[in-house]
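[1] got a predicted model here, sequence first, then my questions.
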Amino acid sequence: MKCPGQDTRYWRGSDIFDAKCPKCGAAVEFFKDDTTRACPACGHKFLNPGMDFGCAAYCEHAAQCIGNLPPELLAQRENLLKDRVAVEMKRYFRQDFKRIGHASKVARYAEEIGKQEAPAGLAVILCAAYLHDIGIHEAERKHNSTAARYQEEEGPPIARAILEKTNARPALIDEVCDIIGHHHHPREEETIHFKVLYDADLITNLEESQKEKEEGSDPERIEKIIGKSMFTETGRQVARRALLKK
């Protein structure tokens with residue numbers, strides 16, 4: 001039996017439409033299930049603008065499903081990977097909404113800082129942000145402690161398994177696991193990806209402490225931490241806005 005969604009007898013008029021060629025502006029007719037079409041005027045091949053390719057970012061069978069992946073989609077794969085990693089992080093933490101909330105906040109700050117400091121490295125930065133504390137449950141189970149060194153010890157194997165499941169490239173997996181493995185302890189020389197993650201995590205920790213009234217709202221103390229401990233100028237700007245309302 002043919003899926004009704006693919007059977008043209010059940011299509012509506014809007015399932016066949018024209019899209020403007022991004023290269024020459026000519027109208028190109030698309031069927032809703034077309035992956036790509038070549039512009040009849042200039043020959044440029046481009047993605048169906050009405051199709052959601054999100055799953056192709058992580059699915060190992062994407063090429064078999066939709067054919068050879070066009071260059072536009074290949075360029076998007078790592079940017080879309082973060083969405084899959086976010087889902088896997090939430091699946092791993094299950095009902096631990098505190099950890100899920102913390103990781104999501106770190107990822108939001110990391111994305112804001114990363115777009116200014118290292119836009120080409122957002123895939124590494126955001127995967128590290130979502131997974132940076134992924135070892136905390138194992139640290140509690142094995143060591144009865146959430147101490148930073150135990151999180152750093154237990155996190156990388158779990159992060160690696162998650163990233164391999166999402167079909168991430170090996171170099172990205174290695175870098176993300178390296179960051180997670182020392183994310184509380186900067187080395188003398190650090191990558192910009194580590195610095196962005198470190199700043200985002202610090203902002204989130206200070207913000208959460210403010211809300212719990214552990215750090216209080218002492219602006220001089222917060223400013224001192226921002227000036228002394230943060231790596232990036234964008235991170236310092238975001239921290240002052242979030243923590244000091246500047």
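    All right, it came through fine. Everything quoted here is computed from the prediction, not taken from an experiment.
[2] for Phe31, grab phi and psi.
    phi -90, psi 150 (degrees, to the nearest 10).
[3] tell me how far it lies from Ala171.
    37 Å (C-beta to C-beta, to the nearest Å). For the C-beta atoms, the positions are set from N, CA and C on the backbone; glycine is no exception.
[4] got the contact list for His143?
    Tyr150 (C-beta atoms under 8 Å, 6 or more residues apart in numbering).
[5] please apply the same query to the one 5 residues further on.
    Residues counted as contacts of Ala148 (C-beta under 8 Å, 6+ apart) are His184, His185.
[6] ok, Thr234 - contacts?
    Glu112, Ile113, Gln116, Glu117, Asp199 are the contacts of Thr234 under C-beta under 8 Å, 6+ apart.
[7] if we can go back for a sec, same drill for Phe31 and Ala171, tell me which one is more crowded.
    Phe31 (13 against 9; other C-beta atoms under 10 Å).
[8] which residue sits closest to the one residue sitting closest to the centre of the chain, ignoring its sequence neighbours?
    In the chain, the residue lying closest to the centroid (C-alpha atoms, centre = their mean) is Lys82, at 2.8 Å. Spatially, and ignoring its direct neighbours in sequence, Lys82 is nearest to Leu126 (4.0 Å; C-beta to C-beta, 6 or more residues apart in numbering).
[9] so which elements touch the strand or helix carrying that neighbour?
    Using DSSP states H and E, Leu126 sits within helix 122-131. In terms of contacts (3 or more C-beta pairs under 8 Å, 6 or more residues apart in numbering; DSSP states H and E), helix 122-131 is packed against helix 71-93, helix 97-117, helix 148-165, helix 170-180, helix 192-211.
[10] report the buried residues of the fourth one.
    What that stands for is helix 170-180. By neighbour count with 16 or more other C-beta atoms under 10 Å, helix 170-180 contains the buried residues Leu172, Ile173, Glu175, Val176, Cys177, Asp178, Ile179, Ile180.
[11] contacting residues around Thr204?
    His102, Lys105, Val106, Tyr109.
[12] one more time with 6 Å, if that's ok
    Applying C-beta atoms under 6 Å, 6 or more residues apart in numbering to Thr204 gives the contacts Lys105, Val106.
[13] can you pull the pLDDT of it?
    We have a pLDDT of 97 for Thr204.
[14] same thing with Asp15?
    84.
[15] next up, phi/psi of it, please.
    Per degrees, to the nearest 10, the backbone of Asp15 is at phi -80, psi -10.
[16] so Val28 sits in a strand?
    Yes: judged by DSSP: H, G, I helix; E, B strand; the rest coil, Val28 forms part of a strand.
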